[in-house]
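Student: build me a structure from this.
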Amino acid sequence: MQTLHRQALYTFLVLAWAGTVAAQPSEEDDLALAYGDKSTVSIATGSRQPITRAPAVATVITSRDIEAMGAADLDQALESVPGLHVSMVHVGMNPIYSFRGIHTRYNPQVLMLVNGIPITNVFWGDRSQLWGGMPLENVARIEVIRGPGSALYGADAFSGVINVITKTAEDINGTEVGGRAGSFNSRDAWVQHGGKLGMLDAAFYLRTGNTDGQKGIVQGDALNTAGPISAGRKAVDARADLSSEAWRVRAGYQDREVGMGGGLAGSLDPNSRGHSSRTYLDLSYEQANWAKDWDISGVAGYYDNKEKGDPPYMLFPPGAIPGFPNGMIGNPGHAERHTHASISAFYNGFEQHRVRVGIGHRVEDLYQTTELKNYNAAFAPLPGLVDATGNPALVYLLPHKRNVSYAFVQDEWSLAKDWTLTAGVRHDRYSDFGGTTNPRLALVWDADYNVVVKAMHGTAFRAPSFAELYNINNPVVIGSPNLRPETITTDELAFSWQPVAALQNNLNFFRYRMRNIILPVAAVYQNAGDQTGRGLELESTFDATNNLRLTGSFSLQHSTDQATGQDAGMAPHRRLFARADWRFIPLWQVGTTINHVASRMREPGDARAKVPDYTTVDLILRREKFADGWDARAMVTNLFDRKAWEPTFRSAGMPSDLPLPRRAFYIQLQLDI
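Tutor: Down below sits the predicted model:
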């Protein structure tokens, strides 16, 4: 491991040294100008403001950042965020976005937005059981809040909020075609266009891709069988964005076919595939100066998600379980739709105050549950493969619906010279478990012309999922309709210091207390957990020359399970991330990324040794604007071909952890017309 650390450090330092001694660049080579607008953020209050003065700990990843790091998928980009580690669960290799040590199997404590609209599933509270990745060619920027956001966004804005903002006609401005190919028989192709369609500004995007996936070996599954994980994927993505003055219509469709990773029950399942489709549609209106002192916006939308196994999931192979000569088969499926409408407004008529108010309503409808299986709630065999759909004595879950209404108010008060206090509160009323109220306070002080200090306090909640509330006939765990929301209280202290124009430093301290964590106890979901955490995040960006940018962060956290007094487990205590981007001659750029993940303990009660640390190094070489507009990139990930693992949960029943991909190569070509 020390040898790998030296190799990684030498790679980074050689690139940094080479950039600093390079010939003087021309202004067109200025990397700092090429990275887009990283200085502002809108996710913190609902309107754009300087990120250093935003009342939250936030990170912005621009499309230029994405290009520089060579990220093809959202997970790769998010790993660059301090305090956030992207792990995975064994089922379908679904991502876990672990903010500040809060690491759970279905990851419902993270709210993901696409263009400001939640895409949370009500079934488990995650993005999807069959996520299958999110490509980035059509992404303009990613805004991330670390910490609570329920005072503005409601449920699931618990440990963090991620807002993915897609490209508009202005962002694309023409036609772009591209393709990517590489290791694991990976192939992607896309086309996008932005321009005028009559009186409308119009943007369109279509992408298709597939991969056989890495063939990392699981040393022991739930049956102590060794073999490769099933990580193949097929994907189709389509988006449309039409706008005229204050009105905008967006539509999207995603189709995924994914391998089952380590298997639905922790037993390797090389043949089954999960299939999901997601449809998005929203209409929005946004008008500044709608009336004297009033800015107003509103949105109405629809989201539909369908998931099932095809062919059916093989929980355990033939002969593994007595009484199941053809294997134990369980194929749960579901479909849900979400409709929502909201309106909010900023009022600027008060001196020294900017007030935002809003109301909204959501309908979360799990309108279909299906199941094929050959076992009952006691794991006893059924006479063949039985369709349990609609049968309350056999099916794992019946359809359910909930209504959610909410209202919020937020005040940005310039209470004195160089001092701003942001105070907000939101009340959410759920038809199934009642109401919850969540406030926040943030005091921002411009201590000097280049120093900003922020003190923040907030609460947040996570609504119980339908599986946790209403699961029935499940041999492993059943639901409890009396569950209350999980809650968290977080305090943060943040410092921003820019000693010179080329150097930006941020230091954040945090502590939190989680209560009413929903856990299975005696095979029933209960509000049984309590967790505390504390830590810090340090990040810096240094434009060493006009053609060399260095970025880095160090994250430290410690989380404790209050019931046992032991480490909460799974999430890394320490993480170091560093990147160097060097434009060594005009139109040529080389970059390297180092990611060090360290000190991951097991869950309380899991006697396995702690997960080994790892350090990976990625390299990317880019050539811009050759042969009439082509852009070419070559990338190698895990340059030193190191073995690395992400931990499996004790409940998975797998003694082995999940292998990460070994060294991989990719080439991408893109043409702007």
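Student: going forward, measure contacts and count neighbours with C-alpha atoms only.
Tutor: Fine.
Student: starting at the chain centroid, how far to the helix or strand containing Q531?
Tutor: According to DSSP states H and E, Q531 maps onto strand 524-545. Here strand 524-545 is found 14 Å from its chain centre; the criterion is C-alpha atoms, centre = their mean, to the nearest Å.
Student: which other helices and strands contact that strand?
Tutor: helix 2-20, strand 503-521, strand 548-561 (3 or more C-alpha pairs under 8 Å, 6 or more residues apart in numbering; DSSP states H and E).
Student: got the angle between that strand and strand 548-561?
Tutor: Per axes from the mean of the first three to the mean of the last three C-alpha atoms, to 10 degrees, the angle that strand 524-545 makes with strand 548-561 is 160 degrees.
Student: before we move on, the earlier item: mind telling me which of the helices and strands packed on strand 524-545 the model trusts least?
Tutor: Comparing mean pLDDT across the helices and strands packed on strand 524-545, the weakest is helix 2-20, with a mean of 50.
Student: what secondary structure does E170 sit in?
Tutor: On the three-state scheme (DSSP: H, G, I helix; E, B strand; the rest coil), E170 is labelled helix.
Student: nearest residue to it in space, please, no chain neighbours.
Tutor: Using C-alpha to C-alpha, 6 or more residues apart in numbering and skipping residues adjacent in sequence, the residue nearest E170 is G194, 6.6 Å away.
Student: please apply the same query to S496.
Tutor: Residue nearest to S496 in three dimensions, not counting chain neighbours: N506, with 4.5 Å by C-alpha to C-alpha, 6+ apart.
Student: and if you look at V81?
Tutor: T59 is the one closest to V81 (C-alpha to C-alpha, 6+ apart), at 6.8 Å.
Student: can I take it that the one you found is in a strand?
Tutor: Yes - secondary structure of T59 (three-state DSSP): part of a strand.
Student: any regions of this structure where pLDDT drops low?
Tutor: Filtered on pLDDT under 70, the chain yields the residue ranges 1-37.
Student: let me know the outermost residue of it.
Tutor: Distance to the chain centre peaks in the chain at P383, reaching 42.1 Å (criterion: C-alpha atoms, centre = their mean).
Student: doesn't N374 make contact with it?
Tutor: Yes - between P383 and N374 there is a contact at 7.0 Å, judged by C-alpha atoms under 8 Å.
Student: circling back: so what's the residue count around the residue nearest to V81?
Tutor: 23 (other C-alpha atoms under 10 Å).
Student: center of the protein, which residue is that?
Tutor: The chain has Y97 as the residue nearest its centroid, 5.4 Å off, counting by C-alpha atoms, centre = their mean.
Student: what's near enough to touch the nearest residue to it once chain neighbours are set aside?
Tutor: Spatial nearest neighbour of Y97, excluding adjacent residues (C-alpha to C-alpha, 6+ apart): V86 at 4.9 Å. Shown in contact with V86 (C-alpha atoms under 8 Å, 6 or more residues apart in numbering): 75, 78-79, 95-98.
Student: kindly report the same for V636.
Tutor: Contacts of V636 (C-alpha under 8 Å, 6+ apart): 618-620, 663-666.
Student: any idea which of these is closest to F204?
Tutor: Nearest to F204 out of the contacts of V636 is Y666 (C-alpha to C-alpha; 25.5 Å).
Student: from V161, how far off is that closest one?
Tutor: Y666 is 30 Å from V161, where distance means C-alpha to C-alpha, to the nearest Å.
Student: ok, those two, which is more surrounded?
Tutor: V161 (27 against 18).
Student: just checking, that one touches S150?
Tutor: No - V161 is beyond contact range of S150, at 9.4 Å (criterion: C-alpha under 8 Å).
Student: hmm, back to that, using PDB, list the CA coordinates for the strand or helix carrying the residue nearest to Y97.
Tutor: V86 is part of strand 84-88 when elements are defined by DSSP H and E. C-alpha atoms of strand 84-88 as PDB (Å, rounded to 0.1, in the frame of the first residue of the first chain):
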ATOM      1  CA  LEU A  84     -19.300  12.200   0.000                       C
ATOM      2  CA  HIS A  85     -18.200   8.700  -0.900                       C
ATOM      3  CA  VAL A  86     -19.900   6.600  -3.600                       C
ATOM      4  CA  SER A  87     -20.200   3.000  -2.500                       C
ATOM      5  CA  MET A  88     -22.600   0.300  -3.700                       C
END
